[in-house]
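**Student:** Okay, here's the prediction I keep looking at, along with the sequence it came from:
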Amino acid sequence: MRHPFFLKKRLNNKGIVFIAILFILLALAALGIAYVKFTTNDQSSAAKGLETQGAYFAAQSGAEWAVQQAKDNNYQTPYTQITTPPQHALNNGEQFLLAYDPASDTLSVTGKKGGAERALTVAPFTQMVAGGGLPNTPCPVANGPAGISWLFSQYVASAGKSVTGVAGTTATGITPQAVALPAFPQGTYNNLKVTSATSLTGTSPNANTPALYYKDITVTSGNILTLHGPTGVGHYLTLYLEGDLKVESKAAISITGNVRIVAQKDVKFSDQSGATVASDATLLLMAGKDVSIKQNAGINSGGNSYNMLILAKKDIKVDSGSTYRGGLFGNADVTVDRNATVAGAIVAGKDVSAAGSEIQHNPEAGKSVLDSIPAC
C-alpha cells in the first residue's frame, strides 16, 4: 500500500497535467479566434479592393462607351447622345455616370461598384474622340521632333541631304516621317471642269466632315473655284481627287472655312494663277506626286496668315517670280527658284534649293492647318 504522500503527489501531478492541457486548449482556441478574425479582415479588404478595381474599370468602360457614341453619331456636338441617359448599369454590378460640359469640352465619368467610386476626366474630349487621323493625333507629319510643326518652328529649311541658297537657320541630315495620303472612300468620281465662277460645299457624310469626289479638277483660264468648308477644330471639307488638280493661267481657287484637297497625282498652278485662303480659314493641299507653282503665281500671298500647308509625296517647285505663304513639305526635293518668294518654312526628305530666291521664315507656318485638319 502506497504512502498517502505518494498518492497526494500523484494527484498533484495529474492536476498540473490537466492545467497544462487546459492552457494549451485555451491557447489554441485563442489562435483559432485570431485566425478567424484575421481571415475575416483579409476577406473584407479583398472585397473592398475588388470594388475599387471594379469602379475603376466601370469608369474606363464609360469613357470608351462615350467615345464610341460620339463616333457613331459623326462627332455631332454637343454630344447629347452621350448623356441621355447619363447613368448605365453593367451586368457585373458596375455602373458609370456620364457628364459633358461643352463650354470646357470636358467629359466626366464616375465609375461605381458597391461602396467604391472612381472618377475619370477627359479634356479636350472633342480632340480625343477624333482619334485615328483627326487633329492632334499621331499623324506621320504631326508634331514632335522630326514632325512637321516642330521642324517648321525651328528651321527656315531642313532636309535629309542638303540645303543650298537659304539664309537663316537650316538643318540637314534630318529624317522626317514620310507624307502619306489618307485612304480614299468608295464613291462616284467624275471630272470637274470649271468654266465659270463655281462654288462647292458639302453636307455628306455629315456636316462636320463633308467630302466631295472627283477624278480631275481643272479650273480654266480666268475662272474662280470657291470651296466652302465648315469651321472649328476637326471640322473640314475634303476633296478627294483620283487624278490631278490644275489651275490654269489667271485662274484661282478661293477658300473659306477648313478645306483639305487630296490629289492622287499632281497639283499644278500655272502662270499668274492664284489661291486665296481667308484669314480665318485653313487649306491643306496634299499630292500623291508633284506640286508645281509657276510663272508669277500667287498662292496664299495676299494676307498675313500662314494658314496653308502643302504636302507632296514627291517634289515641290516654286519658281519664276511666284509667291507662296505657308508650309512646304515634300518627301523628295523642294526647289524655290528664279526670284520666287516663300514666306513660312520648308522641309524636304532629300534636298532644298533656293538659289536666287528668298525664304522668309515664320515658325507658325502651317500650324493652324495641323491644329484644325488631319494630315493623314
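**Tutor:** Here it is on my side, so go on.

**Student:** Quick check: pLDDT value at Leu90.
**Tutor:** Reading off the confidence values, Leu90 has pLDDT 79.

**Student:** Now do the contacts for it.
**Tutor:** Ala58, Ser61, Phe96 (C-beta atoms under 8 Å, 6 or more residues apart in numbering). Quick note: C-beta positions are derived from backbone N, CA and C, even for glycine.

**Student:** Among these, which ones are in strands?
**Tutor:** Secondary structure assignment (DSSP state E) places Phe96 from these within strands.

**Student:** Drop the exposed ones from the contacts of Leu90 and show what's left.
**Tutor:** A residue is treated as buried here by neighbour count (16 or more other C-beta atoms under 10 Å); on that basis the buried members of the contacts of Leu90 are Ala58, Ser61, Phe96.

**Student:** which residue packs closest to the second one, ignoring adjacent ones?
**Tutor:** Which is Ser61. By the measure of C-beta to C-beta, 6 or more residues apart in numbering, the closest residue to Ser61 outside its immediate chain neighbours is Phe96, 6.0 Å from it.

**Student:** so how far is Gly111 from the one you found?
**Tutor:** Distance check for Phe96 against Gly111: by C-beta to C-beta, to the nearest Å, it reads 5 Å.

**Student:** Find residues that contact each of these two.
**Tutor:** By the contact definition C-beta under 8 Å, 6+ apart, Phe96 and Gly111 are jointly contacted by Ala58, Ala59, Ser61, Gly62.

**Student:** pLDDT below threshold where in the protein?
**Tutor:** Across the chain, the stretches falling below the confidence threshold (pLDDT under 70) are 1-49, 71-78, 91, 123-124, 126-146, 376.

**Student:** run the last query once more with 90
**Tutor:** For the chain, the stretches with pLDDT under 90 are 1-109, 111-151, 174-183, 185-188, 203-206, 232-234, 301-304, 355-356, 367, 370-376.

**Student:** Now do the domain split for it, please.
**Tutor:** 4-128, 148-372 (automatic domain parsing).

**Student:** Tell me which of the ones you listed sits most buried.
**Tutor:** Neighbour counts averaged per stretch over the domains of the chain are highest for domain 148-372, at a mean of 20; criterion: mean count of other C-beta atoms under 10 Å.

**Student:** Just the endpoints, please. Distance across that one?
**Tutor:** Between the start and the finish of domain 148-372 there is a gap of 15 Å, counting by C-alpha to C-alpha, to the nearest Å.

**Student:** Next: stretch 191-200.
**Tutor:** The stretch stretch 191-200 measures 14 Å between its terminal residues, going by C-alpha to C-alpha.

**Student:** circling back to that earlier point, I figured the residue nearest to Ser61 was touching His88, is that so?
**Tutor:** Yes - taking contact to mean C-beta atoms under 8 Å, the distance of 5.7 Å between Phe96 and His88 places them in contact.

**Student:** List the residues that are in contact with both of these two.
**Tutor:** Gly62, Trp65.

**Student:** Restrict stretch 250-261 to CA atoms and write it as CSV.
**Tutor:** Output in CSV follows, covering the C-alpha atoms of stretch 250-261 (Å, rounded to 0.1, in the frame of the first residue of the first chain):
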residue,chain,number,x,y,z
LYS,A,250,-5.1,83.6,-114.4
ALA,A,251,-7.5,81.2,-112.7
ALA,A,252,-7.8,80.8,-109.0
ILE,A,253,-9.2,78.9,-106.1
SER,A,254,-10.7,80.6,-103.0
ILE,A,255,-11.0,79.0,-99.6
THR,A,256,-13.4,79.7,-96.7
GLY,A,257,-13.5,77.5,-93.6
ASN,A,258,-11.3,74.5,-93.3
VAL,A,259,-10.6,72.6,-96.6
ARG,A,260,-8.4,69.6,-97.4
ILE,A,261,-7.7,68.8,-101.0
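
**Student:** and it, how far from the chain's centre?
**Tutor:** Here the centre of mass of C-alpha atoms in stretch 250-261, compared against the chain's by C-alpha atoms, centre = their mean, to the nearest Å, lies 24 Å away.

**Student:** how far away is Phe125 from Val163?
**Tutor:** Spatial separation of Phe125 from Val163 under the definition C-beta to C-beta is 41 Å.

**Student:** can you check Gln87 too?
**Tutor:** Applying C-beta to C-beta to Gln87 and Val163 gives a distance of 59 Å.

**Student:** what kind of secondary structure is Gln53 in?
**Tutor:** helix (DSSP: H, G, I helix; E, B strand; the rest coil).

**Student:** And Glu64, by the same measure?
**Tutor:** Under the three-state scheme (three-state DSSP), Glu64 adopts helix.

**Student:** Can you give me the distance of it to Asp105?
**Tutor:** In terms of C-beta to C-beta, Glu64 sits 18 Å off from Asp105.

**Student:** And the helices in the stretch 101-250 of the chain, which stretches?
**Tutor:** Along the stretch 101-250 of the chain, the segments classed as helices by DSSP state H, counting those that start in this stretch run 125-129, 148-154.

**Student:** packing partners for the last one?
**Tutor:** The elements that helix 148-154 packs onto, with contact taken as 3 or more C-beta pairs under 8 Å, 6 or more residues apart in numbering; DSSP states H and E, are strand 323-330, strand 341-348, helix 367-372.

**Student:** and the gap between Val310 and Ala103?
**Tutor:** Not quite, residue 310 is Ile, not Val. The gap separating Ile310 from Ala103 is 36 Å, by C-beta to C-beta.

**Student:** With Val122 instead?
**Tutor:** The value you get for Val122 to Ala103, if C-beta to C-beta is used, is 15 Å.

**Student:** What of Pro374?
**Tutor:** From Pro374 to Ala103 the distance is 25 Å (C-beta to C-beta).
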